[in-house]
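Enquirer: structure of the sequence below:
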Amino acid sequence: MNWSHLEDYFLFKVNLTDVPIPTKRTVLSVIARLYDPLGLLGPVICKMKIFMQSLWLEGLNFDDPLPPSIASDWNRLVSSLKALEVLKIPRWILVDNNQKIILHCFSDSSQAAFGAVIYIQCVLPDGKVKTMADIDNHTSVANIRFHKLT
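Expert: Just a heads-up that it's a prediction; the model follows:
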């Protein structure tokens with residue numbers, strides 16, 4: 001995660017050139033390398049955690065190579081991470097008195113995970129959107145032992 005002080009955006013740099021043969025250990029290592037202290041990549045990391053859960057359900061040892069079908073799914077996930085480098089997430093949330101402020105809240109869930117996000121949108125008097133800023137977000141992966149979201 002980086003911050004562009006000129007534009008006041010959060011940016012992400014993905015450096016996964018040295019991804020070794022996929023095993024449960026290397027999958028966990030790649031997930032751990034995604035530095036996201038603000039949770040802005042919650043949906044991406046959540047998808048990777050769901051993938052990791054599927055490896056636990058397969059009963060693989062930590063250093064066993066992934067079966068070819070599972071390894072191809074993993075390689076697709078890893079290659080899609082490069083798309084994160086085009087994301088520019090505004091950091092600015094200071095508003096003026098003459099701006100209209102709209103609070104947006106979204107949530108969704110499935111059998112595998114839950115996610116929620118709250119962000120604001122500041123609109124100028126002429127109707128132009130000045131900024132959208134992430135206020136809070138949360139993702140959670142369902143517990144595979146109890147089959148429920150906590």
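
Enquirer: how close does the nearest residue to residue 107 once chain neighbours are set aside get to residue 63?
Expert: Excluding the flanking residues, the one nearest residue 107 by Cβ to Cβ, 6 or more residues apart in numbering is residue 116, at 3.9 Å. Quick note: C-beta positions are derived from backbone N, CA and C, even for glycine. In this view, residue 116 and residue 63 are 36 Å apart by Cβ to Cβ, to the nearest Å.

Enquirer: give me the residues contacting the lowest-mean-pLDDT helix or strand in the chain.
Expert: Lowest mean confidence among the helices and strands of the chain (mean pLDDT, DSSP states H and E): strand 129-141, at a mean of 80. Strand 129-141 has contacts (Cβ atoms under 8 Å, 6 or more residues apart in numbering) with 38-40, 42-43, 45-46, 49-50, 53, 89-93, 99, 103, 112-124, 149-150.

Enquirer: just the strands in this structure please.
Expert: For the chain, the strands defined by DSSP state E occupy 2-4, 9-11, 89-90, 100-109, 113-123, 129-141.

Enquirer: measure residue 112 to residue 51 for me?
Expert: 10 Å.

Enquirer: ok, now residue 128?
Expert: Taking Cβ to Cβ, one finds residue 128 at 40 Å from residue 51.

Enquirer: and what of residue 75?
Expert: Applying Cβ to Cβ to residue 75 and residue 51 gives a distance of 11 Å.

Enquirer: ok, which of the strands of the chain comes nearest residue 70?
Expert: Minimum separation from residue 70 across the strands of the chain (Cβ to Cβ) falls at strand 129-141, 17.7 Å.

Enquirer: how many residues are close by residue 97?
Expert: Neighbour count for residue 97, taken as other Cβ atoms under 10 Å: 4.

Enquirer: how close does it get to residue 109?
Expert: Residue 97 sits 38 Å away from residue 109, going by Cβ to Cβ.
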